[in-house]
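Q: How does the following fold in three dimensions:
(4 chains)
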Amino acid sequence: MIKKILIANRGEIAMRIIRSAREMGIKTVAVFSEADRTSKHVSFADEAVCIGPAPSKESYLVIDNVIDACKQTKADAVHPGYGFLSENETFAKRCKQEKIIFIGPKPDAIKKMGDKITARKTMIEAGVPVVPGTKENLTTRKKAEEAAKKIGYPIMVKASSGGGGKGMRLVNSHKNLWEAVKAAKSEALSSFGDDTVYLEKYIKSPHHIEFQILADKFGNTIHLCERECSIQRRHQKIIEETPSPLMTPELRDEMGQAAINAAKSVKYVGAGTVEFLVDNKLNYYFLEMNTRLQVEHPITEKVLGIDLVKEQIKIADGKKLTHKQSNIVQRGHAIECRICAEDTHNNFMPSPGVIKHITEPKGIGVRVDSYVYDGYEIPVHYDSMISKLIIRAANRKYAIERMKRVLYEYRISGVKTNLGFLQKIMDIKDFVSGKYDTHFIEKHLNTLLKTTRATKVLTEDMAIIAAYFDYIINLEENKPKTSGDTRAINRWKEFGKRKGVLRI
Amino acid sequence: MIKKILIANRGEIAMRIIRSAREMGIKTVAVFSEADRTSKHVSFADEAVCIGPAPSKESYLVIDNVIDACKQTKADAVHPGYGFLSENETFAKRCKQEKIIFIGPKPDAIKKMGDKITARKTMIEAGVPVVPGTKENLTTRKKAEEAAKKIGYPIMVKASSGGGGKGMRLVNSHKNLWEAVKAAKSEALSSFGDDTVYLEKYIKSPHHIEFQILADKFGNTIHLCERECSIQRRHQKIIEETPSPLMTPELRDEMGQAAINAAKSVKYVGAGTVEFLVDNKLNYYFLEMNTRLQVEHPITEKVLGIDLVKEQIKIADGKKLTHKQSNIVQRGHAIECRICAEDTHNNFMPSPGVIKHITEPKGIGVRVDSYVYDGYEIPVHYDSMISKLIIRAANRKYAIERMKRVLYEYRISGVKTNLGFLQKIMDIKDFVSGKYDTHFIEKHLNTLLKTTRATKVLTEDMAIIAAYFDYIINLEENKPKTSGDTRAINRWKEFGKRKGVLRI
Amino acid sequence: MAIEIHIGDRIANVELLNIDGNKVQIEIDDRVYDVDISMIEHGVYSLIYQNKSYNLELVKSPDDSKKYEVSTLYSTLPVEIVDVHRKYMKNRQKDELDDGQEKISTPMPGKVIKIPVKKGEKIEPGQTVIIVEAMKMQSEYKVKRECKIKDILVNEGDTVEGNQTLVVLE
Amino acid sequence: MAIEIHIGDRIANVELLNIDGNKVQIEIDDRVYDVDISMIEHGVYSLIYQNKSYNLELVKSPDDSKKYEVSTLYSTLPVEIVDVHRKYMKNRQKDELDDGQEKISTPMPGKVIKIPVKKGEKIEPGQTVIIVEAMKMQSEYKVKRECKIKDILVNEGDTVEGNQTLVVLE
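A: As a prediction, the model looks like this:
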């Protein structure tokens, strides 16, 4: 029985894991870098260990330090969250050596799915459709051109160890091919230390649809339906929904079975996600498998009523799956928006800083997974995602209405966020009708970046009045105090008591 | 089509109604008393109208003022919430006269269900089981004693217009009967202006179980399963759950059908609740019908995925029900705790005041319906309930684990609350095993009021250290300022920068 | 110099030994603690001691900057900083309390419903002096000893503050 | 005396006419408003005007107590209080801006990755002067005009604050 879990992560996902562990009566250990002493996961966990300086490479990514923290606190299991060490084969192996339960798949599954060419080969053997392309590293111009001819242009050149859009090139014709391959190889070598690249047919109007998988140690593997993740900027998802507007019950069964086959082919254990590209004709192709919990896992939890972190822990503890495939039915519709501290008008550049005031949306069907608070300074060292806004409603129409309501209810001041950008997406016709692919943001960027519709003079005037009074109250505040009460609200009341005409 | 709803209420229920109306694109109007200018529903609504001084009798209960506010703002519908005017036949009639849509049943249904003797008679005619007892007002000693003999002791004397435990007497034997009747009559007259009382058999170990009803204007009536509400203090519910631990699928069907029959017998339209007493042998008896939304409606929303306020509005707008009885299936388990500003050690006496700081629980399966915020002063004029904590999980065991987690995560400082009392209930064996009736709080009161288990010296020492530093920082603060930065956290940082030994 | 801090019934002697950024060394009775302390939000402190993480929320008494309620995850503790002046006052207060009940006040704001006694009236133990209503609930305030109504400071129908003296006894 | 308040491009003349508790009378340009104004939380105001409820959240600029961002339910507006001194400064600043770019700074904190120029070096329009990384994203800062590197105030590997001057041009 797992008694104490160390969470080798930070931010909202550390909070999320602590919550489920606490419900199960399991103690939790937070690790933190020197930049994260005031992060919420540190004070929220039962124990906390500092594992190094601010940069991830010197703290969250240092396997020795994480293992040390486990030993110090006698944690018998590690949950890696997403990012950081979550898909690191060496870390998973090391945990095994040290007899610490790694809450995730076996090192071999991580390895096989981590290398794209190996994954492609494994899928082909398992009968899972992959995008037509090559199975080997491209070494000569001749081989590359022959392979490309077979596949047909346009073609994608991809790095085998790649991710996040790096080491990728789109090639439209024969004459640019070899140059693109060379460029991709050079970028891949400098980014991932591996220049292996391969070719894939370019899928037009692709939809990014993924299937959640759960597998126990006894070979029972089920899928928990799909998530539609085509709304992306800079190759990163910002809105996910389930069910996918593109999905049919038949296709769900078929793709779900393909995802199960993919997982079984690497003897997968735990929670994982099989990502597919789907074209407009509903042809689907294996893209990659993420051997960890996904950022967007809560939308699955919302429509299925299942706690995925609890399931992960139970599986790691050697328990059998209690859910059967036949009982997995989505109810209603869920959407997630990722709230990022970023400047949408400046190429989505991160915008860290001090959060002045947060008002989080509440009420029916809303879940906010966040880790920031009033006065918190977002560190410059890590990701710009500060919160996930997840809603569920009875159907897709209601879900969009609810997401609009909560996006307007959400207020974050002090840093720039993408809240306004997300609000506008909810009004775009293609989104409302569910007709979109991964080109959505690109296609609608002009509309999305347009300055907010003209505000009415009346609203402007109210803003002027509020600013005017705040300014005056602050002038008063800087005068010598007559009262000991420093609560702003009472200062205001005192200010209001003075009847008569005030002139400045 | 309803375009603008005035919410004739305050607090969390006003917020809850505004949220659903906003999702439907309907404008909202808040009304407020002079004591509620800074209440959240006022700034949250699109419009706001002051309807009188602090006491409810001079504001929220004044029909003319509410109708005036509707006319001023051209609201075409009124949602009465719960309490205040929600079960006031005169108000419902007046709305009809003024051509304002009253979001609730017709005045006649309110009237019939509002008078307990009339309700009992109506139920008997409709074939709904009622507690054995009398159907007429008791006027003479002889009649009372004859009727009591037929029913058998112990017996309850109840006021026909009664509620909240007033005008009720338990009688164990013949010789105390007439005295109890006279006492109940006198109390009923002074409390409700009506001395009509009747007799009912006293049900031992009663469970309070209610069924949610939805009915449209076309005669379609369905039930939305039960809520178990037996955990009560001072005759008021504090914890509700669904499904009821007592329920069987057969009993659910039977009682659900009885609830539907009860609603149909008064041509009920809208959302309503039929309350039953159930004994340990699963005999059930009609208790009363609440012709409005209940405080505890969110647990039904959680297990069914249906927005009850949206349903109310759609029905009032003349839409047909879209849900079918066969599709109404509870998924998982939901619990609600009512968070009250009260002194549990002093007979649950209300404890209003200024809220200093709130940390609301978050994460998977949690919903908090509240209206208070940091610095808000709870008015002395209204109810002491400041928040509702609602959770859902896959089963009852997980639900209790989750409720424990979120009760500890919830922090409210500045006023006394019942959070600690609720935490203890989650540990009581009878609650955990689901074996409880309406005597639960009474039975376990001693355990529930025991001072929290002894804190460890280590924890005490940590509390001492925190208090020590806070005290020192505040001493520093009162010295002339050297920095313009007034944020406490930065003062702390400055304080920390000074290395070396500090002596006081 | 060490100071005295009361926590419930316990009296602890506290001395700060060293401070270096967030790391402090502090002695409580005979135990020396090396603690990493940080203020997270206003009044919310995070302490880490031997890897254990403590999240403590402090509420200062509105009337008294030396009295706190400190909430941990599982309990709320009353803490009071005691200096020399405070010690003298505490002893004095104790003497006064021994003399018995001197006034009637309510712990919370409310409305005076009824005052069934008059100024100068002699009353018996257990007799009701005033009835106050708050949030729909009425509370009767009774005297514990035989005494005389020295003064009545409020009228029926008045709205009163928490801890306001309503009736003075002698 | 009226004061000037800028909101985006608009310049409004504002004069407070009367104040009575929460009720204020204020003139903006030619319109007179009777408004019920209340501070709810720190920096959050509730205004009621002709029954319309406005919930406005104000964020003061950290560097400038006269600059605000005011958020309504649907938009965020830049508001600036302008007095005589401020007016003079604004005009002066405008003149300076016309002279062109004088320094390179970054809008957010980050880490200096590379400085491909040297002090005293003459550079062309569009040439990269410094590369700064924040939150896994690198940004190149380029010059708009032909100029000379007057001074470099940071080193490669340095952590920099938002709005800190990194390189001075001439």
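Q: For stretch C:116-133, what is the distance to the chain centroid?
A: The chain centre lies 26 Å from the centre of stretch C:116-133; the measure is Cα atoms, centre = their mean, to the nearest Å.
Q: and that stretch, does that touch chain B?
A: No - residues of stretch C:116-133 are not located near chain B by Cβ under 8 Å from any Cβ of the partner chain, the shortest gap being 8.9 Å. In this view, the C-beta of every residue, glycine as well, is placed from N, C-alpha and C.
Q: how about the helices in chain C?
A: Per DSSP state H, chain C carries helices over the ranges C:84-98.
Q: Helix or strand with the lowest mean pLDDT in it?
A: None of the helices or strands of chain C scores lower by mean pLDDT, DSSP states H and E than helix C:84-98, at a mean of 52.
Q: Next, count neighbours for residue A:191.
A: As a burial measure, residue A:191 scores 15 neighbours (other Cβ atoms under 10 Å in any protein chain shown).
Q: for residue A:194, same thing?
A: Count around residue A:194 with other Cβ under 10 Å applied: 16.
Q: Please tell me I have it right and it contacts residue A:161.
A: Yes - counting by Cβ atoms under 8 Å, residue A:161 is a contact partner of residue A:194 at 4.5 Å.
Q: can you list residues touching both of the two?
A: Shared contacts of residue A:194 and residue A:161 (Cβ atoms under 8 Å, 6 or more residues apart in numbering or on different chains): residue A:188.
Q: Can you tell me which residues in the stretch 1-150 of chain A are near chain B?
A: Within the stretch 1-150 of chain A, the positions lying close to chain B (Cβ under 8 Å from any Cβ) are A:15-16, A:19-20, A:22-25, A:38.
Q: Kindly indicate which of the residues you listed lies nearest chain D.
A: Distance to chain D across the residues of the stretch 1-150 of chain A next to chain B (Cβ to the nearest Cβ) is lowest for residue A:38, with 16.0 Å.
Q: Please name the nearest non-neighbouring residue to residue A:367.
A: residue A:390 (4.3 Å; Cβ to Cβ, 6 or more residues apart in numbering or on different chains).
Q: ditto for residue A:93
A: In space, residue A:93 comes closest to residue A:107 once its chain neighbours are excluded; the distance is 4.5 Å by Cβ to Cβ, 6+ apart.
Q: my guess is that neighbour meets residue A:88, correct?
A: No - at 9.2 Å, residue A:107 does not count as touching residue A:88 under the criterion of Cβ under 8 Å.
Q: returning to that earlier point: list the residues that contact the residue nearest to residue A:93.
A: Going by Cβ under 8 Å, 6+ apart, residue A:107 touches A:89-90, A:92-93, A:96.
Q: Give the buried subset of those residues as a PyMOL selection command.
A: Selection of buried members from the contacts of residue A:107 for PyMOL, criterion 16 or more other Cβ atoms under 10 Å in any protein chain shown:
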select buried, chain A and resi 89+92+93
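Q: What's the local residue count around the closest residue to residue C:121 other than its chain neighbours?
A: In this structure, residue C:121 finds its nearest non-sequential neighbour in residue C:149, 4.9 Å apart by Cβ to Cβ, 6+ apart. For residue C:149, the count of nearby residues is 20 (other Cβ under 10 Å).
Q: the longest strand in chain A is where?
A: For chain A, the longest strand by residue count, based on DSSP state E, is strand A:221-233.
Q: That one pairs with which strands, and in what direction?
A: strand A:207-215 (antiparallel), strand A:236-242 (antiparallel) (DSSP bridges).
Q: could you dump those strands to TSV with mean pLDDT and mean neighbour count?
A: Output for these, formatted as TSV (pLDDT from 0 to 100; neighbours: other Cβ atoms under 10 Å in any protein chain shown):
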stretch	mean pLDDT	mean neighbour count
strand A:207-215	98	24
strand A:236-242	96	24
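Q: hmm, the helix or strand harbouring residue A:471 in reach of chain D?
A: Applying DSSP states H and E as the criterion places residue A:471 in helix A:457-478. Yes - against chain D, helix A:457-478 shows contacts by Cβ under 8 Å from any Cβ at A:458-471, A:473-474.
Q: between those, which is closest to residue A:324?
A: Each of those was checked against residue A:324 using Cβ to Cβ; the closest is residue A:459, at 54.3 Å.
Q: Next one: that closest one, what pLDDT does it get?
A: Residue A:459 is assigned 91 on the pLDDT scale.
Q: which parts of the helix holding residue A:471 are buried?
A: Using 16+ other Cβ under 10 Å as the test for burial, helix A:457-478 gives A:459-473, A:476.
Q: Contacts for it, please.
A: Outside helix A:457-478, the residues that touch it by Cβ under 8 Å, 6+ apart are A:488, A:491-492, A:495, A:502, A:504, D:3, D:5, D:7, D:10, D:12, D:14, D:16, D:24, D:26, D:28, D:31, D:33, D:35, D:37, D:39, D:43, D:45, D:47, D:49, D:52, D:54, D:56, D:58, D:60, D:65-66, D:68, D:70, D:72, D:75, D:77, D:79, D:81.
Q: Domain map for the chain?
A: All of this refers to chain A. As given by automatic domain parsing, the domain ranges for chain A are A:4-103, A:132-201, A:205-331, A:339-470, A:474-504.
Q: um, chain C though
A: Following automatic domain parsing, one finds the domains of chain C at C:2-82, C:100-169.
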